[in-house]
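Student: Predicted model follows, preceded by the sequence.
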Amino acid sequence: MAPFTQPPVSQPPGPQTPALQTPVLQAHASHARGGSPPADSPVQLQELYSPGLPFTWPELQSMAADGVLTQLYQHGYTVPGTAASPQLRARAAAHGVPAPVRRRVVAGRMTAAWIYGCAREPDRLALLVDAKRRISSLRSTRGCTLHEVRLGPFDVVSLGGLMVSSPLRTALDIALHVEAERAVPALRLLLKKPELDVRLRLLVLAVEAMPRLPHKNAALEKLSLLASPAVARGPVDVEHPVDPPHSTEHVAEVLGVAHLEGEL
């Protein structure tokens, strides 16, 4: 009688890497080392990665720790060396806004300044909600601060799938609602970028045209810090004050500022 032999015990399969992820990971690792995917590789490097396909949230964090990706904002990651344009920052910010409310809010204040490349990455997204919309259904939005405002058609532009306050409206809101320590550096950068077309005199006119606006004097003090000594003057006299003072749209109508009508 032949001796009994214990049949080999098959080991449970270990965690498997999805087939798609292996070439993608290799392509990104190659790019991080200064290389590029082979010409016949089906892998195409993306500008922005967020949790989902092809990578999960833990995988994105791990790749960032290894230097394969760079965190742009919260759940948004880019390949090292990718230029962070306003469109790309807006796309990254959009991932922090729930899809059902994304078309009902406008990124504003210091969040918009960051999107334009004029401020540090915000801890929380500042979102503007037009007073014509119901804000109660949006109050549960996490990671965001909501501000109920009045917005005119010239106050909003579309960038990277997200609505963003226009450069002039952004500068106006920062002057009015952000403390000087953060507001002045952001305003200075907004004024320096010619592509944003924010002009100090127009910004002062926008504030001066609002006779009953809270924080008006504080805003003018911030703006006075941005004027060179040779240009700095007293308060701007507005021949036709604007009322009601709720949006740069009214200032554009009074002053006939054509450039406010364009989008980025």
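Tutor: Perfect, thanks for sending it.

Student: check contacts around residue 187.
Tutor: 171, 174, 175, 203, 222, 223, 226 (CB atoms under 8 Å, 6 or more residues apart in numbering). (Glycine included, C-beta is placed from N, CA and C.)

Student: In a helix, residue 91, correct?
Tutor: Yes: assessed by DSSP: H, G, I helix; E, B strand; the rest coil, residue 91 belongs to a helix.

Student: right, and it touches residue 162 too?
Tutor: Yes: counting by CB atoms under 8 Å, residue 91 does reach residue 162; the two are 7.2 Å apart.

Student: just to revisit the earlier point, farthest-separated two in the contacts of residue 187?
Tutor: The largest separation in the contacts of residue 187, counting by CB to CB, is between 174 and 226 at 11.5 Å.

Student: More neighbours: which of those two?
Tutor: Each of residue 174 and residue 226 has its neighbours counted (other CB atoms under 10 Å); residue 174 has more, 28 against 17.

Student: now that one, nearest residue through space, not along the chain?
Tutor: Closest residue to residue 174 apart from its sequence neighbours, by CB to CB, 6 or more residues apart in numbering: residue 183 at 4.9 Å.

Student: same thing with residue 167?
Tutor: residue 196 (4.0 Å).

Student: ok, residue 74 touching residue 92?
Tutor: Yes: using CB under 8 Å, residue 74 is in contact with residue 92, at 7.3 Å.

Student: So these two - more neighbours on which side?
Tutor: Higher neighbour count among residue 74 and residue 92: residue 92, with 27 against 16, using other CB under 10 Å.

Student: Now do the same for the helix or strand encompassing residue 63: mean pLDDT, whole number.
Tutor: According to DSSP states H and E, residue 63 maps onto helix 57-65. Confidence for helix 57-65, expressed as mean pLDDT, is 87.

Student: Restrict it to CA atoms and write it as CSV.
Tutor: Below are the C-alpha coordinates for helix 57-65, written out as CSV (Å, rounded to 0.1, in the frame of the first residue of the first chain):
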residue,chain,number,x,y,z
TRP,A,57,-7.3,58.1,-3.4
PRO,A,58,-4.7,56.0,-1.5
GLU,A,59,-2.8,55.3,-4.7
LEU,A,60,-2.6,59.0,-5.5
GLN,A,61,-1.3,59.8,-2.1
SER,A,62,1.3,57.0,-2.4
MET,A,63,2.4,58.2,-5.8
ALA,A,64,2.8,61.8,-4.5
ALA,A,65,4.9,60.5,-1.6
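
Student: Against which helices or strands is that helix packed?
Tutor: helix 21-32, strand 76-78 (3 or more CB pairs under 8 Å, 6 or more residues apart in numbering; DSSP states H and E).

Student: what do you get if the cut-off is 10 Å, keeping everything else the same?
Tutor: Applying 3 or more CB pairs under 10 Å, 6 or more residues apart in numbering; DSSP states H and E, we find helix 57-65 packed against helix 21-32, strand 70-73, strand 76-78.

Student: Mind telling me which of these the model trusts least?
Tutor: Among these, helix 21-32 scores lowest, at a mean of 54.

Student: before we move on, the earlier item: so how many other residues sit close to the residue nearest to residue 167?
Tutor: 20.

Student: Next up, identify which helix or strand the residue nearest to residue 174 is on.
Tutor: Going by DSSP H and E, residue 183 is part of helix 180-192.

Student: Kind regards, and thank you for your time.
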